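Colleague: Just need the structure, nothing else, for what follows:
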Amino acid sequence: MPKVKDVKNSITEICSNLNKISGIKKIYIFGSFIENEHNSNFPIRDLDVLVSTNFDSGDLLSITNDNNYPLSMKEESLIELGYNPKSINFTKKFISINDFNMDHWASSKDNKILHWGPMVDCIDDWEKIKIEAENYAQKKTGLSRDKLKNDDIKYKWKTEYDNLIAMYLKNIPNGWYLSSHKPKEIIQKAKEFEK
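Modeller: Modelled structure (predicted):
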């Protein structure tokens, strides 16, 4: 598993690649990398990247990778069906960058936070999956989430948790969905990288 120091060595190149994508106004890194930036040996499971875009949330919410639709359509077909081809192009390029298991986040011009990930039917289903994953991790490690004391035990517990989540989500299409986060709350904890 990569450590903070590994990500630090690559962050300039990652941001440089993101800067080449049309539609991105600002780039923010947040999450465990920023929270542990001064602990060079801290393991990083994923890299949370939020990009500020000039797209409306509705344009992004219509995009999924279900049977490569609409990501594989020609521009003329996208226009006929009411898609914004620029938002499709942005999405394709953004999600193609996956250094350090990048977690893709976008803020829209109408001030919404969106996340690229599995399109679970409803919040209740997602909550049930998370509870089952917690119970599974507890059974496998012998520890409940609130009893995790050191990084090794946390890592083992989180790995078991993530494995069960991945099993449930492996056949579900990905797409943009609205997050309950507000742009301001993420940006306050994030580090902006120059565009």
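Colleague: For burial, what's the neighbour tally of N89?
Modeller: The criterion is other Cβ atoms under 10 Å. On that basis, N89 has 16 neighbouring residues. Placement of C-beta: from N, CA and C, glycine included.
Colleague: ok, now which ones touch it?
Modeller: Contact analysis of N89 by Cβ atoms under 8 Å, 6 or more residues apart in numbering lists 22-23.
Colleague: Secondary structure element for it, which one?
Modeller: Assignment of secondary structure by DSSP states H and E places N89 within helix 85-96.
Colleague: Return the set of buried residues in that helix.
Modeller: Going by neighbour count (16 or more other Cβ atoms under 10 Å), the buried part of helix 85-96 is 85-91, 93-95.
Colleague: Any idea how far apart the tips of stretch 117-131 sit?
Modeller: In stretch 117-131, first residue to last residue: 19 Å (Cα to Cα, to the nearest Å).
Colleague: from the buried residues of helix 85-96, which two are the most distant?
Modeller: When the buried residues of helix 85-96 are compared pair by pair using Cβ to Cβ, the two farthest from each other are P85 and I95, 16.0 Å apart.
Colleague: Contact partners for the nearest residue to I29 once chain neighbours are set aside?
Modeller: Counting by Cβ to Cβ, 6 or more residues apart in numbering, K191 is the residue found nearest to I29 once chain neighbours are left out, at 5.3 Å. The contact partners of K191, by Cβ under 8 Å, 6+ apart, come to 28-30, 34, 37.
Colleague: can you tell me how far K191 sits from F33?
Modeller: To F33, K191 is 9 Å away according to Cβ to Cβ, to the nearest Å.
Colleague: for H104, same thing?
Modeller: For H104, the distance to F33 under the criterion Cβ to Cβ works out to 14 Å.
Colleague: Sticking with A106, tell me its helix or strand.
Modeller: Using DSSP H and E, A106 falls in strand 102-107.
Colleague: Point out the other helices and strands that that strand packs with.
Modeller: Under the contact definition 3 or more Cβ pairs under 8 Å, 6 or more residues apart in numbering; DSSP states H and E, strand 102-107 sits against strand 47-53, helix 85-96, strand 113-118, helix 183-189.
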